[in-house]
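Student: Sequence and predicted structure, then a few things I'm wondering about:
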Amino acid sequence: MGLDEDSLDYHRTDPPGKLEISTTKPTNTQRDLSLAYSPGVAAPCLEIDADERDAYTYTAKGNLVGVVSNGSAVLGLGDIGAQASKPVMEGKGVLFKRFADIDVFDVELDEEDPHKIVDAVKMMEPTFGGINLEDIKAPECFTIEERLREEADIPVFHDDQHGTAIISGAALINAADIADKDLADLEVVFSGAGASAIASARFYVSLGVKKENITMCDSTGIITDERAANGDVNEYKEQFARDLPEGDLADAMEGADVFVGLSAGGIVSQEMVRLMGDDPIIFAMANPDPEIGYEDAKDARDDTVIMATGRSDYPNQVNNVLGFPFIFRGALDVRATEINEAMKVACAEALAELSREDVPDAVVKAYGDDPLQFGPDYIIPKPVDPRVLFRVAPAVAEAAMESGAARVDMDLEEYEEELEARLGKSREMMRVVLNKAKSDPKTVALAEGENEKMIRAAYQIQEQGIAAPILIGDESEIRQSAANLGLDYEPQVADPSAGDYEAYAERLHELRSRKGITRSEAGELIRGDSNYFGSVMVEQGDADAMLTGLSHHYPSALRPPLQVIGTADDVDYAAGVYMLTFKNRVIFIADATVNQNPDEDVLAEVTRQTGDLARRFNIEPRAALLSYSNFGSVDNEATRKPRRAAQQLQNDPDVDFPVDGEMQADTAVVEDILEGTYGFSELEEPANVLVFPNLESGNIGYKLLQRLGGADAIGPMLVGMDKPVHVLQRGDEVKDIVNLAGVAVVDAQDE
């Protein structure tokens, strides 16, 4: 199947199209329906009638954008009309929802008269929190947007104009910095004089490029004062007419610092690139074929060519999805009356700044595991980078508040946390822990400190103020790796091979001499095994917590901390716990990594420890000890273990949260079963701590829930240790290391 047939199949599969409406409130009972519609709906209607601003409180208006088009300039397809443009507009709605959790109604208007389009959109203003104009040809698009911005009281944004302008503007900020050129000194040449080219030129002026340094070419050639005087160009092109001799694109490019292509593929030659100034910046954004190919532009010269295109198969893709979802997110959340120039500049600057930061592993993997590091081949973030939402939207919201476009003010730190929660419950839960960690940072030893992921994680941990990380390993190798990664910081390093750590060897020998370790072996372990080194470091109080396991089998990584640090005074067993987050529920799974066949004492202890862990995430635990039996329906040794563990916990005066068992998994988590059939249970609400009867079932259970249930997994978090230690899974990403460092710091605070 070719791409076209795949796409047709994708769109026609039931249900046809790409969007649907779903309810956000319960509709299960007669009372629910009475609240949703008649007679209950009258109450919010009357409130809005008294104060129209209450529409944002009682309806979905504040999270609803209208994507409006007449299909007169659909990218790559031209004037295909309103009906044929609908798949594109639905696709736009998908992007709004996927990247910024914004709902969309797509509105296709079968109308060419720009003034009638304005009237139609204006009549729909009560429906929407904002309007995204799309695929409307120039110059009508200018008229439509200008009138709507003047007459409408909600944000109106023509993405074809401003999206490319903002994203390429972010790229220009960074490209100029890499080329060591000032924006005010740049000579910029545009190929193309349509809506996106004119909007981009205007926006570059807002960023600091001088208007008199912009040369714009259309299909006839350079737009000159003489052509403008002869009426050869429209009023929008006339803004960028220059007092220059007539000429073609090649003439314009001679000596230029920047080429911006928004025209047609293949019209720029290598010879034209060679005419440009030193270290040229080339944004060849015609789609699907750029004005000059990436390889041709790079090969045209020996100096640095900073190249961007509109294609995803080359570095530096100028993709509008980096802008519009997040601009609207920020604008909607402060109930902005418009999207003004200050808000657009804030978006570009936030994107430019984000490009200079370390890139998450998940983003790197999405692009083939090729390194992504600020430089000529990485000047703008990738569209799938989840950080764009909570960097750009707050910047836009702040600019709206400062420029007077916002109707409500907000605390930007709280807002960023709300945005992170939109990306998933796991981010919301981790934000609780990371905020606690930042309130009182501790020292965290990172074994395997030469590993690049550990180095990157240490940088983020330090930058975010979560902890003071200590990388254990060869100091010169760690510092060189940090420099190669472009991390601008001085890592704190403990080098076992270079420092005087004889006291650590003595301590290890003291602890393990009766377990067969000689003094010389202790010295070798301290110098050669960062797990033993880090364990002694924590045991001696030179670090508050430790992370390990990134490149080790879990049992071998766990063994040194258990041998050196051991379990807490009142605990005999450690356990591995996963936190699984669903859309509206959080579940803790224990034990999934340590105890193979626990008896009732171990199960009881694991339950206590997991309950304590839940409270570190501000969750009140409700524990269920699982089995294939419900409260004695099957009686054998396997079912008695969780039953006796539950009884032990119920009789323990120190256990101050509800516990019950043995019970089947669905009994534990389904409210109707729990309340209906087993109303006698100690659990009045479904359990959020699930204790499995053995390691095998726990590991199987969490992986099934994660893969088939769509849960995000955080962990494993090690509970029961005398001092905070967490063992990573091999292949964990940098964000996992950072998250577990936050958990370790909160553990240390509790200690």
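Tutor: All right, it came through fine. Computed from a predicted structure; not experimentally measured. Numbers count the residues shown, from 1 in each chain.

Student: list the helices and strands the helix ranked longest in the chain packs on?
Tutor: Assignment by DSSP state H gives helix 159-178 as the longest helix of the chain. Where contact means 3 or more C-beta pairs under 8 Å, 6 or more residues apart in numbering; DSSP states H and E, helix 159-178 is packed against strand 130-133, helix 140-151, helix 195-207, strand 258-261, strand 281-284, strand 306-309, helix 324-333, helix 341-354. C-beta coordinates here come from the backbone N, C-alpha and C atoms, glycine included.

Student: Pull the last one out as PDB, backbone CA atoms only.
Tutor: Output in PDB follows, covering the C-alpha atoms of helix 341-354 (Å, rounded to 0.1, in the frame of the first residue of the first chain):
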ATOM      1  CA  GLU A 341       2.900  40.800  18.900                       C
ATOM      2  CA  ALA A 342       4.300  40.600  22.400                       C
ATOM      3  CA  MET A 343       2.700  37.100  22.800                       C
ATOM      4  CA  LYS A 344       4.200  35.900  19.500                       C
ATOM      5  CA  VAL A 345       7.700  37.200  20.400                       C
ATOM      6  CA  ALA A 346       7.400  35.500  23.700                       C
ATOM      7  CA  CYS A 347       6.700  32.200  21.900                       C
ATOM      8  CA  ALA A 348       9.700  32.500  19.600                       C
ATOM      9  CA  GLU A 349      12.000  33.400  22.500                       C
ATOM     10  CA  ALA A 350      10.800  30.500  24.600                       C
ATOM     11  CA  LEU A 351      11.300  28.100  21.700                       C
ATOM     12  CA  ALA A 352      14.800  29.500  21.100                       C
ATOM     13  CA  GLU A 353      15.700  29.200  24.800                       C
ATOM     14  CA  LEU A 354      14.400  25.600  25.000                       C
END
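
Student: List the buried residues for it?
Tutor: Residues of helix 341-354 classed as buried by neighbour count (16 or more other C-beta atoms under 10 Å): Ala342, Met343, Lys344, Val345, Ala346, Cys347, Ala348, Glu349, Ala350, Leu351, Ala352, Leu354.

Student: give the contact list for the third one.
Tutor: Applying C-beta atoms under 8 Å, 6 or more residues apart in numbering to Lys344 gives the contacts His162, Ala165, Ile166, Phe203, Ser206, Ile327.

Student: can you tell me which residues contact the first one?
Tutor: Looking back up the chat, that one is His162. Counted by C-beta under 8 Å, 6+ apart, His162 has contacts Ala199, Phe203, Gly323, Ile339, Lys344.

Student: now swap in the last one and tell me
Tutor: Ile327 is in contact with Phe157, Ile166, Ile339, Met343, Lys344, Cys347, Val392, Ala393, Val396, counting by C-beta under 8 Å, 6+ apart.

Student: repeat for the second one
Tutor: Shown in contact with Ala165 (C-beta under 8 Å, 6+ apart): Ser196, Ala199, Ser200, Arg202, Phe203, Tyr204, Lys344.

Student: Now flag whichever of those residues is closest to Ala405.
Tutor: Of all those, Ala405 sits closest to Lys344, with 11.4 Å by C-beta to C-beta.

Student: Would you agree Val107 is in contact with Gly71?
Tutor: No - counting by C-beta atoms under 8 Å, Val107 stays clear of Gly71, with 11.5 Å between them.

Student: Comparing those two, which residue is more hemmed in?
Tutor: Gly71 (24 against 21; other C-beta atoms under 10 Å).

Student: close enough to count as contact, the more buried one and Ser85?
Tutor: Yes - counting by C-beta under 8 Å, Gly71 touches Ser85, with 3.2 Å between them.

Student: Identify the contacts common to the two.
Tutor: Counting by C-beta under 8 Å, 6+ apart, the residues touching both Gly71 and Ser85 are Glu108, Asp135.

Student: any chance of the helices and strands packed on helix 159-178 in a markdown table, with mean pLDDT too?
Tutor: As requested, these are arranged in a markdown table below (pLDDT from 0 to 100):
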| stretch | mean pLDDT |
| --- | --- |
| strand 130-133 | 96 |
| helix 140-151 | 93 |
| helix 195-207 | 93 |
| strand 258-261 | 96 |
| strand 281-284 | 96 |
| strand 306-309 | 94 |
| helix 324-333 | 95 |
| helix 341-354 | 96 |
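
Student: Pick the most deeply packed of these.
Tutor: Counting by mean count of other C-beta atoms under 10 Å, strand 281-284 has the highest mean neighbour count of the helices and strands packed on helix 159-178, with a mean of 28.

Student: same for the helix or strand following it, what does it pack against?
Tutor: Proceeding N to C from strand 281-284, the next assigned helix or strand is helix 294-299, under DSSP states H and E. Secondary-structure packing of helix 294-299 (3+ C-beta pairs under 8 Å, 6+ apart): helix 270-274, strand 281-284, strand 306-309.

Student: What residues sit buried inside helix 294-299?
Tutor: In helix 294-299, counting by 16+ other C-beta under 10 Å, buried: Tyr294, Asp296, Ala297, Lys298.

Student: Can you tell me which of these is nearest Ala100?
Tutor: Tyr294 (29.4 Å).

Student: Not counting sequence-adjacent ones, nearest residue to that closest one?
Tutor: Tyr314 (4.4 Å; C-beta to C-beta, 6 or more residues apart in numbering).

Student: Please report the distance of that neighbour from Pro383.
Tutor: 14 Å (C-beta to C-beta, to the nearest Å).

Student: who has more neighbours, these two?
Tutor: Between Tyr314 and Pro383, Pro383 has the larger neighbour count (other C-beta under 10 Å), namely 20 against 17.

Student: Test my guess that the more buried one contacts Gly323.
Tutor: No - assessed by C-beta under 8 Å, Pro383 is found out of contact with Gly323, at 10.0 Å.

Student: could you point out which element follows the longest helix of the chain?
Tutor: strand 188-191.

Student: for the record, mean pLDDT for that following strand?
Tutor: The average of the pLDDT scores along strand 188-191 is 96.

Student: Contacts for it, please.
Tutor: Contacts for strand 188-191 (C-beta under 8 Å, 6+ apart): 197, 200-201, 204, 209, 213-217, 240, 249, 252-253, 256-263, 267-268, 291.

Student: Tell me the strands beside it, with direction?
Tutor: If you go by DSSP bridges, strand 188-191 pairs up with strand 214-218 (parallel), strand 258-261 (parallel).
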